[in-house]
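[1] Requesting a structural model of the entry that follows:
(chains A and B)
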Protein chains: 2
Amino acid sequence: MVKIGIIGVGTVGESVIKILEKNADIIKARSGKKIVVTKGVVRDLNKKRDVTIPLSTNIEEILQDDEIDIVVELMGGVEKPYQVVKKALLNNKNVVTANKALLAYHRYDLQQSAGNLALGFEASVAGGIPIITALREGLSANHIEAIRGILNGTCNFILTKMMNEGADFGEILKEAQELGYAEADPTFDVGGFDAAHKLLILASIAYGIDAKPEDILIEGIESITTEDIEFAKEFGYNIKLLAIAKKVENSIELRVHPALIKQNEMIAKVDGVMNGISVIGDSVGETMYYGAGAGGDATASAVIADIIQIARDKNSPMLGFKKPLEGDTLTLQDPNNIISKYYLRLAVEDKIGVLAKITLLLSEFNISIASVLQKDTSTNITNLLFSTHKCKESDIQTALAQIDKMDCVHKKSILIRIET
Amino acid sequence: MVKIGIIGVGTVGESVIKILEKNADIIKARSGKKIVVTKGVVRDLNKKRDVTIPLSTNIEEILQDDEIDIVVELMGGVEKPYQVVKKALLNNKNVVTANKALLAYHRYDLQQSAGNLALGFEASVAGGIPIITALREGLSANHIEAIRGILNGTCNFILTKMMNEGADFGEILKEAQELGYAEADPTFDVGGFDAAHKLLILASIAYGIDAKPEDILIEGIESITTEDIEFAKEFGYNIKLLAIAKKVENSIELRVHPALIKQNEMIAKVDGVMNGISVIGDSVGETMYYGAGAGGDATASAVIADIIQIARDKNSPMLGFKKPLEGDTLTLQDPNNIISKYYLRLAVEDKIGVLAKITLLLSEFNISIASVLQKDTSTNITNLLFSTHKCKESDIQTALAQIDKMDCVHKKSILIRIET
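    Predicted coordinates for the structure are as follows:
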C-alpha cells in the first residue's frame, strides 16, 4: 500500500481524493499497489469539504508521519511551500506538486534536495495534458528546437472571443470574470506571468536551462484592440498569447507575449479556455499536445499520474531539473537580440507626408515593410497597421521609440511579434 | 553501456543508428548510459546503406550475442518477426518493435513471453507521437471513455485534398502514389487495415481488451465521392478515416471507418499526412496528440524513446498488454449494436413518389431524418443525400438492403457514420 498526505485540500485536492477512490480499480491495475490518502492538511477546518479523510491544520502531522510515502503539495504560494517541500524531501518523502510558481523559482534547488526521491510536477504545466511526460520520455531522443505553448486558458478564452466576436478586451475580460475563467485581479493571467512560470518549467526539462521569471521577456494581452484583431483576420492570422522557448545557436530565447500566428498552424487552432503545446524536435518534427489546462479533475489527473509512476517504484528517479542537458554551453538569449517579424499599430495624424516620414525612419533601422493596412476614418487620427519582414528586436524598439516622439504620432505605438 | 542489435536496417533502422550517434549527448544525459548499436541484420548485404555498424544476414548473430541488451525488431511481416521476438525474449533480451501488424496479432502472447523484460512498442502507433506513453503514464489516472484516431497519413492526405480541392478519390490517390504517400498497392492503407492494427494496440493499453483485426469493423475510404464531400461542407463537417475505441457500458466498440465529424472539433483539424489522436478520459476530459505518423526519423524518435526508457533501468516492466485492466468484465461490442448518426447517399430515379417511398421505409426502421440535400441534375438519376438522428447500426443496414432492392434505386447505397 502507498500512503499519501495532501497539504492543501482545495478544488484539486478534493478531486485527487475523489478520483483515487472512484478509479481505484484501474489505478491499482496500473500501479500494482493500493493507493490511499491517509491525511489532509488545511488552513481552515471549518470550511465545508466533501472528503472523509482525517484533516488537520498542522503540516507536521504529514511531514513527521513515517507511514506516508508521498506528500502532495497543493498549498499555493512560493516561500511557504518551498520550506514544506524541502522538509518533506529531507524527511525522505517523495513529493508531487502542482505549484508552478514554486517551481518557477526553486526547481533546481528542490531537485537537488530530492536526490533519489521523486519530485513529480506533471500537474504544474497545462493541467491534465501530459506534456512533462512527453518531453521527458516520449521525445527523449530529440534535441528540442522550439516549444510554443498556449498555457493560459484565461488569455486564450479572451483572445478567441475577441477574434470570433470582434469585441473589446475589457468587455470580454468582464465576461470571463463572470464565468469564473478570470480572477477578480486578472493581472497574473492576462499579464503573461502564469504562462511564464509554466514556460520556465518546460524549458528546464527541454534544455536544462535555469532562469527566473524576472529574467525573461513577459508581455500580456491587455493592449490588444479590435484593430489588431481586424488586421490579423485580413492577413490570415490568429492572435494567441504564446509562451516560447526557442534554441538559436547556443542560446535559448524564453519569452511570453501575444503573437500573430498563421491560421493554418495547428497551435493557432487551439481555441477557448483550452491549452495546447507545440514542440519541435530535431528527429520527430512538430508534435502537439492539447487539452484542459485547468480545473480540479484535469489537474488531479496529472497529480495522480505522478503518484502512480512513483508507486510503480521506478528504479531511477524521474528526469528532472538536474543538469544542463546540453552541457554548460547554453545561455539565455538577450531579448534585444530576438529576430522576428513584427506587426505595428501607430496612431497618427491623417495628413500628407506622415506615411513617408515613418517608413523612411523604419528603413534607416533596416526594417522592411511586408504589408500595410490603413482604413479611412472620420477623425483626423488614423491607425497605421504594418507588418514587417524579419528584423532585430533592438532595432524595432529603438525605431518605435523615435516614432513615438514624432509630433504626428498621437499614442504610444504597439508592437506584436509575428511567429512563423 | 547499453548494446543494441537491429534486425531490419531499412529507413527506420538507418534513422535509429544516425540519431543515436547525432544526439548521443542528450541521449546519454537522459538515459544515464551510453547507447551503442553493435550489430545489424539485413536480408541483402549488397543493398547500399549509409551505416558503419557491422551487418550480417544471420539473425542468430544478434539473438545469440550475450552482450546485446536490447533487440530492435524492424523486419516487417507477422509470423517471422513473431518467432524472432519470441526467441529474443527467451534469450533474456529486451525488445523494441515498430511492427504494428505483429502486435495486432500476437501482442498478448509476446507480453507474456516478456515477463519482466521490457517490450517497447511506442513506434508501432502514430510514428513519433508519444501516444503509448500518454495512455500508459500520462493518463493513467483515467478510465478511458473513447479514443478517436487519425492513424493513417495516406488516407488523411487523400481526404484532406478531396475536401480542399473537391477532386476525385482516384485522381488524388494517383497523386499520393507519385508523392510517395501511397503504396503501389494502396489497399492496406486506404482499406483501413493499417489503422485497425494501430487501433487494436491503443485499445489494449486503454482497456486491456483482446481482439484481432478480423474481429472488428473495418471500412476504407475507397467509396467516398465528391458528392459526400459536398454534403459534408454544406453541413459543417470534415470527412476523416477514424479509428474508434469507445466504451459503452460494459462493452468496447472497436471500429475503423470514414466518418463525418464537425469541423470545430480538434480532431477534425488534423490535415494532410499528419496523424492525431483524441483521447477522452473520465477525469481529464479530452486531450489530443498530433504529429507525423510516419517517416524514418519520426518513427526512430519513438524507437529510441523506448530504448532510453529501458536503459534507465526502470524497476518495473512497462505497462503492457498484460491483463484486462478493468477486470474480465469488458466484452467486444457487436458492430450491429452500434448506435450512431448516419449519412446516406442514394442514387435514385428523379421522379414523383421516390422520396416518400424511401423515407417511409426508413421510418419503419425507426430511422429519423435530420437533414436532406438533393441538387437538381440534368440526368434522370439524382443523388439523395440524408443525415439521420441516432439509430441502430443493424436497423440502418437492414433498411439500406431493402432500399437497394427498390426499382427506383440505381446503385448500391452508401453509408458514412457521423461521429459526435
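[2] what is the mean pLDDT for the host helix or strand of A:Pro81?
    Secondary structure assignment for A:Pro81, by DSSP states H and E: helix A:79-90. Helix A:79-90 carries an average pLDDT of 98.
[3] What lies in contact with the helix or strand just after that helix?
    Moving toward the C-terminus from helix A:79-90, the next helix or strand (DSSP H and E) is strand A:94-97. Here strand A:94-97 makes contact (Cβ atoms under 8 Å, 6 or more residues apart in numbering or on different chains) with A:69-74, A:81, A:85, A:88-89, A:103, A:110, A:114, A:117-121, A:123-124, A:303, A:306-307, A:310. All C-beta atoms are positioned from the backbone trio N, CA, C, and that covers glycine.
[4] helices or strands up against the very next helix or strand once past strand A:94-97?
    Sequence-wise, the next helix or strand downstream of strand A:94-97 (DSSP H and E) is helix A:100-114. Identification of packing neighbours for helix A:100-114 by 3 or more Cβ pairs under 8 Å, 6 or more residues apart in numbering or on different chains; DSSP states H and E yields helix A:79-90, strand A:94-97, helix A:193-207.
[5] could you redo the last one with a cut-off of 10 Å?
    Judged by 3 or more Cβ pairs under 10 Å, 6 or more residues apart in numbering or on different chains; DSSP states H and E, helix A:100-114 is in contact with helix A:79-90, strand A:94-97, strand A:119-120, helix A:193-207.
[6] other SSEs contacting the following helix or strand past the last one?
    Proceeding N to C from helix A:193-207, the next assigned helix or strand is strand A:217-218, under DSSP H and E. Under the contact criterion of 3+ Cβ pairs under 10 Å, 6+ apart, strand A:217-218 touches helix A:193-207, strand A:251-262.
[7] So is stretch A:151-162 next to chain B?
    No - judged by Cβ under 10 Å from any Cβ of the partner chain, stretch A:151-162 and chain B are separated, with a smallest distance of 11.5 Å.
[8] Kindly format the C-alpha coordinates of that stretch as CSV.
    Provided in CSV are the C-alpha atoms of stretch A:151-162 (Å, rounded to 0.1, in the frame of the first residue of the first chain):
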residue,chain,number,x,y,z
LEU,A,151,-0.5,27.8,-21.5
ASN,A,152,-3.1,30.2,-20.1
GLY,A,153,-6.8,29.4,-20.5
THR,A,154,-8.0,32.9,-19.4
CYS,A,155,-6.0,34.7,-22.1
ASN,A,156,-7.0,32.1,-24.8
PHE,A,157,-10.6,32.5,-23.9
ILE,A,158,-10.4,36.3,-24.2
LEU,A,159,-8.4,36.3,-27.4
THR,A,160,-10.7,33.6,-29.0
LYS,A,161,-13.8,35.7,-28.2
MET,A,162,-12.1,38.9,-29.5
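[9] avg pLDDT for it?
    In the prediction, stretch A:151-162 has an average pLDDT of 97.
[10] just the helices in the stretch 201-350 of chain A please.
    Shown for the stretch 201-350 of chain A, the helices assigned by DSSP state H, counting those that start in this stretch span residues A:226-234, A:296-311.
[11] From the chain's centroid, how far away is stretch A:174-191?
    The gap between where stretch A:174-191 is centred and where its chain is centred comes out at 16 Å by Cα atoms, centre = their mean, to the nearest Å.
[12] Make JSON lines from the helices of the stretch 201-350 of chain A and add mean pLDDT and distance to B:Leu151 to it.
    Formatted as JSON lines, the helices of the stretch 201-350 of chain A follow (pLDDT from 0 to 100; distance: least, Cβ to Cβ, whole Å):
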{"stretch": "helix A:226-234", "mean pLDDT": "93", "distance to B:Leu151": "33"}
{"stretch": "helix A:296-311", "mean pLDDT": "96", "distance to B:Leu151": "24"}
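[13] ok, A:Glu79 to A:Asn99 distance?
    For A:Glu79, the distance to A:Asn99 (Cβ to Cβ, to the nearest Å) stands at 11 Å.
[14] Look up the residues that both of those two are in contact with.
    By Cβ atoms under 10 Å, 6 or more residues apart in numbering or on different chains, A:Glu79 and A:Asn99 have these common neighbours: A:His106.
[15] which one of those two has more residues nearby?
    More crowded of A:Glu79 and A:Asn99, by other Cβ atoms under 10 Å in any protein chain shown: A:Asn99, with 22 against 11.
[16] Kindly state the pLDDT recorded for that one?
    pLDDT, A:Asn99: 97.
[17] which ones are touching the nearest residue to it once chain neighbours are set aside?
    Excluding the flanking residues, the one nearest A:Asn99 by Cβ to Cβ, 6 or more residues apart in numbering or on different chains is A:Pro81, at 5.5 Å. If you count contacts by Cβ under 10 Å, 6+ apart, A:Pro81 has them with A:7-8, A:73-75, A:88, A:95, A:97, A:99, A:101-103, A:106, A:110.
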